[in-house]
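In: no sequence for this one, just the structure:
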Ligand code: GDP
Ligand code: IMO
Ligand code: MG
């Protein structure tokens, strides 16, 4: 009865939504543990396309309970829009969704604070999604945040909100921001939001505890990726939450002793959105080709994603901090046409080999990638359903990645649809899903 974490092994957009949707058939609960509506998880079901932001991808499976854990930051307006869109598509979200009473609330003033920090001339912009994520987590850690439980308690909410909003207004005025700051209108709107989400709110840690005791299985859905993790990522070019495996426990209240496996999702190449170091980035026409073939444009902001080559040291590092049991490699099909495929197998700085993953952006920026080149397969993989059916060079490519990263590759995705996924028989991944 395995409870399993599925998370991004790179800088996000690895295809977690597709993988979680596929796997959720075998779980009773899918729980998000961090992030907010900065995530964009695209799931294709038949001829329908869903882009999930706050709501766990498990919602698409009738009967699966989707849980927004305490580690998530919730913009109630964004949540209600997402619920409305899914219900218009015929889903029964009210029945299937539960929201932690301990999750923190995002307000419009968080976006204003973010605009200030991203717009400063004395700081490099992170290139955030402008959803107020970072400032909401700042308030959480600063012990002045407003939680869903506070929002539902109107009297308590009023006082908390007024203090918070007043402080933010002072900051905005000090930085010369003249945005529309109708605090009273926002307060009233949030109280209306509260009434609409109330039926779905509960103590989700207790709910998950009871589910585990009843023998149900939980799939933890990561958002963002390990290299965007607040502690382990390319700080400060990161998001503000714990995207790595440890976050699954703190972000849901399920103890580590009740989690049985960690599956890393990685593209067969790599992308990143926003600023920050990226040693294996392909700034040439090959990078552009990947962007077009892989349709590498942000699901949330529409920004073109920066594209590059599979980075072995980076994967070894994310395997270390997450303890991956298995990797699922997505978007192999995007490489189908290449004659040869570069793989970053190491880094140098000033001509010297660098073996340790840097702690600072300055050290990251000077890294030079060392590439090895593998022969491409130059044939379509999108209809192949068995590992043995893949072209020999594709199998060699995957075996090379597994050998160099030291993690088994238990699955391969060759297209966005559910059935375009190969689970390798005899793999640890297969046994975790059983
Ligand atoms: P997530 O944030 O990790 O869930 O990833 P996104 O949904 O932001 O980005 C992944 C994109 O790749 C989505 O548009 C998926 O539909 C698509 N996708 C997922 N797996 C595959 C695959 O194996 N091949 C191709 N061509 N597209 C894929
Ligand atoms: P999914 O779950 C890719 C990036 C932003 C920015 C940095 C901080 O779809 O993989 P934030 O708004 O979180 O404060 O921005 O993190 N970022 C993502 N990049 N995929 C995501 O989510 C991301 N969520 C945030 O581009 O560089
Ligand atoms: Mg995404």
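Out: Looks like it came in fine. All values derive from a computational prediction rather than experimental measurement. Ligands and ions are numbered 1, 2, ... in the order given.

In: now do the helices in the stretch 201-350 of the chain.
Out: 204-213, 246-250, 285-293, 312-322 (DSSP state H, counting those that start in this stretch).

In: for ligand 1, find the nearest of those helices.
Out: helix 285-293 (7.7 Å; CB to the nearest ligand atom). The way it works is simple: take the backbone N, C-alpha and C, and place the C-beta from them, glycine included.

In: how about the closest one: buried residues?
Out: Residues 286, 287, 290, 291, 293 are the ones in helix 285-293 that count as buried (16 or more other CB atoms under 10 Å).

In: possible to save these as JSON lines with distance to ligand 3 and pLDDT?
Out: Shown next, in JSON lines, are the buried residues of helix 285-293 (distance: CB to the ion, whole Å; pLDDT from 0 to 100):
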{"residue": "286", "distance to ligand 3": "22", "pLDDT": "96"}
{"residue": "287", "distance to ligand 3": "19", "pLDDT": "96"}
{"residue": "290", "distance to ligand 3": "16", "pLDDT": "97"}
{"residue": "291", "distance to ligand 3": "15", "pLDDT": "97"}
{"residue": "293", "distance to ligand 3": "17", "pLDDT": "97"}
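
In: any idea how far residue 305 is from ligand 1?
Out: In this view, residue 305 and ligand 1 are 9 Å apart by CB to the nearest ligand atom, to the nearest Å.

In: taking helix 312-322 as reference, get the angle to the longest strand along the chain.
Out: Assignment by DSSP state E gives strand 340-349 as the longest strand of the chain. Put simply, strand 340-349 runs at 70 degrees to helix 312-322, going by axes from the mean of the first three to the mean of the last three CA atoms, to 10 degrees.

In: counting contacts, what elements does strand 340-349 pack onto?
Out: Secondary-structure packing of strand 340-349 (3 or more CB pairs under 8 Å, 6 or more residues apart in numbering; DSSP states H and E): helix 312-322, strand 352-354, strand 368-375, helix 392-405.

In: what pairs with the residue of the stretch 51-200 of the chain found nearest ligand 3 across the strands?
Out: Residue of the stretch 51-200 of the chain nearest ligand 3, by CB to the ion: residue 51 (8.4 Å). Counting by DSSP bridges, residue 51 is bridged to residue 42.

In: so it is in contact with residue 37, correct?
Out: No: in this structure, residue 51 is not within contact of residue 37 by CB atoms under 8 Å, at 10.5 Å.

In: dump the helices of the stretch 201-350 of the chain into JSON lines; add distance to residue 344 as well.
Out: Listed next are those as JSON lines, based on distance: least, CB to CB, whole Å:
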{"stretch": "helix 204-213", "distance to residue 344": "38"}
{"stretch": "helix 246-250", "distance to residue 344": "26"}
{"stretch": "helix 285-293", "distance to residue 344": "13"}
{"stretch": "helix 312-322", "distance to residue 344": "6"}
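
In: mind putting the ones you listed in JSON lines, distance to ligand 2 included?
Out: Converted to JSON lines, the helices of the stretch 201-350 of the chain look like this (distance: least, CB to the nearest ligand atom, whole Å):
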{"stretch": "helix 204-213", "distance to ligand 2": "20"}
{"stretch": "helix 246-250", "distance to ligand 2": "13"}
{"stretch": "helix 285-293", "distance to ligand 2": "14"}
{"stretch": "helix 312-322", "distance to ligand 2": "13"}
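
In: pLDDT weak spots in the protein?
Out: Within the chain, the stretches with pLDDT under 70 are 1, 180.
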